[in-house]
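> when you get a sec, could you give me coordinates for this:
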Amino acid sequence: MAKTKILVIEDDRSLSEVLTYNLKQAGYDVLLARDGQDGLLQAQIKSPEIIILDLMLPVIEGLEVCRQLRSGARTKDIPILMLTARSEEVDEIVGFQ
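Below you'll find the model as predicted:
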């Protein structure tokens, strides 16, 4: 049986290493992108079952990545978990939109 594929889009090297290690230990196949543009490309080509998305990314910011994923025919139904250090209520509201 194939492992569940998770795409982690995170530019912080230490955090992405911890996430990758723990997800692999839990039995997941982990793909890693370090910026929004690479994350979009990998999501379209590799069709992960879930995406863990940082909001503060280089090249294309996380909210724009999310918008593009939601508007893409191949990626619109992939569940997205947003990962961020932002803690303001307005950030939560924008994320849910």
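> which residue ranges form the helices in this protein?
Shown for the chain, the helices assigned by DSSP state H span residues 13-25, 36-46, 62-71, 89-96.
> so which of those helices is nearest Asp54?
For the helices of the chain, the distance to Asp54 is smallest for helix 62-71, at 5.5 Å, taking C-beta to C-beta. All C-beta atoms are positioned from the backbone trio N, CA, C, and that covers glycine.
> give the buried residues for that closest one.
For helix 62-71, the neighbour count (16 or more other C-beta atoms under 10 Å) marks 62-63, 65-66, 68-69 as buried.
> next: stretch 68-86.
Within stretch 68-86, the residues scored as buried using 16+ other C-beta under 10 Å are 68-69, 75, 78, 80, 82-83.
> returning to that earlier point: of all the helices of the chain, which lies closest to Met56?
Met56 sits nearest to helix 62-71 of all the helices of the chain, at 6.5 Å, using C-beta to C-beta.
> does anything pack onto that closest one? Which helices or strands?
Packing contacts for helix 62-71, counted by 3 or more C-beta pairs under 8 Å, 6 or more residues apart in numbering; DSSP states H and E, involve helix 36-46, strand 50-54, strand 80-83, helix 89-96.
> verify the stated contact: Leu19 with Glu10.
Yes - using C-beta atoms under 8 Å, Leu19 is in contact with Glu10, at 6.6 Å.
> joint contacts of those two?
Common contact partners of Leu19 and Glu10 (C-beta atoms under 8 Å, 6 or more residues apart in numbering): Ile52.
> those two: who's more crowded?
Taking other C-beta atoms under 10 Å, Leu19 and Glu10 do not tie; Glu10 has more neighbours (24 against 19).
> distance to Leu55 and mean pLDDT added to the helices of the chain, as JSON lines?
What follows is the helices of the chain, written out as JSON lines (distance: least, C-beta to C-beta, whole Å; pLDDT from 0 to 100):
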{"stretch": "helix 13-25", "distance to Leu55": "13", "mean pLDDT": "96"}
{"stretch": "helix 36-46", "distance to Leu55": "10", "mean pLDDT": "98"}
{"stretch": "helix 62-71", "distance to Leu55": "4", "mean pLDDT": "96"}
{"stretch": "helix 89-96", "distance to Leu55": "7", "mean pLDDT": "48"}
